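Visitor: what's the 3D shape of this:
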Amino acid sequence: MKEQTGNITRPETTIAVTRGVIRLFHHMGLNCVTELSLINGRRVDVMGLDRKGQFSVVEVKSSVEDFRTDGKWEEYLPFCDHFYFAVGSDFPTEILPRETGLIMADSYGAEILKPSLPGEMNPARRKALTLRYARHAAARLMSIGGLDAILPEEG
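Guide: Here you go, the predicted model:
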């Protein structure tokens, strides 16, 4: 049985919140990727990259249970300049850590309710992450049309 959040199931909530975050970040001038694997083995829900080369990481939480059973969020901090939790409007935000940023979102958009405190990333990690981000984005683009649409036919 799927867990319900109001009349929406957890997977639907996750998709809606993710979509709203991406729309917000696009409006703010950040380009986004989803499900980016980091060198520490963790996978970021949403990562945005701005024109200055700064990274924002968003951990999407679809329910209280999702938040309470997932204690890995601090492992994302060395890989971003800004960290946010993103939740739907029915999420009890008082349970989230005070030191993180907070975004409230739905399918149509999102709003930053609490800005993220700036983090620090060393230059070597920033370069490695930028390359990982670029390769992840390029791989996603290649998969959109399938290899037939991307690679020239062999003669």
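
Visitor: Could you report the separation of residue 98 from residue 138?
Guide: Distance, residue 98 to residue 138, using Cβ to Cβ, to the nearest Å: 37 Å. All C-beta spots, glycine's among them, are computed from the backbone N, C-alpha and C.

Visitor: Over to residue 68?
Guide: According to Cβ to Cβ, residue 68 stands 36 Å off from residue 138.

Visitor: Likewise for residue 91?
Guide: Where residue 138 is concerned, residue 91 sits at a distance of 34 Å (Cβ to Cβ).

Visitor: Give me the more crowded residue out of these two.
Guide: Neighbours were counted for residue 91 and for residue 138 using other Cβ atoms under 10 Å; residue 91 has more, 22 against 10.

Visitor: quick one: the more buried one and residue 61 touch, right?
Guide: Yes: when contacts are counted by Cβ atoms under 8 Å, residue 91 is listed as touching residue 61 (6.6 Å).

Visitor: Backbone dihedrals for the residue nearest the centre of the chain, please?
Guide: Nearest residue to the geometric centre of the chain (Cα atoms, centre = their mean): residue 46, 1.3 Å. The phi and psi values for residue 46, taken as degrees, to the nearest 10, are phi -140, psi 130.

Visitor: What is the neighbour count of the residue nearest to it when sequence neighbours are not counted?
Guide: Closest residue to residue 46 apart from its sequence neighbours, by Cβ to Cβ, 6 or more residues apart in numbering: residue 58 at 4.0 Å. Using other Cβ under 10 Å, the number of residues around residue 58 comes to 30.

Visitor: Which strand residues bridge residue 58?
Guide: Residues in a beta bridge with residue 58, per DSSP bridges, are residue 46, residue 84.

Visitor: From residue 78, how far out is it?
Guide: On the measure of Cβ to Cβ, residue 58 and residue 78 end up 16 Å apart.

Visitor: on that earlier part again, got the contact list for the residue nearest to the centre of the chain?
Guide: 18, 21, 22, 25, 32, 33, 34, 57, 58, 60, 86 (Cβ atoms under 8 Å, 6 or more residues apart in numbering).

Visitor: Using PDB, list the CA coordinates for the strand or helix carrying residue 33.
Guide: Assignment of secondary structure by DSSP states H and E places residue 33 within strand 31-37. What follows is strand 31-37, C-alpha atoms only, in PDB (Å, rounded to 0.1, in the frame of the first residue of the first chain):
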ATOM      1  CA  ASN A  31      20.200  25.000 -14.400                       C
ATOM      2  CA  CYS A  32      19.300  21.800 -12.700                       C
ATOM      3  CA  VAL A  33      19.900  18.100 -12.900                       C
ATOM      4  CA  THR A  34      18.200  15.400 -10.800                       C
ATOM      5  CA  GLU A  35      19.500  12.200  -9.300                       C
ATOM      6  CA  LEU A  36      23.200  13.200  -9.500                       C
ATOM      7  CA  SER A  37      25.500  10.600  -7.800                       C
END
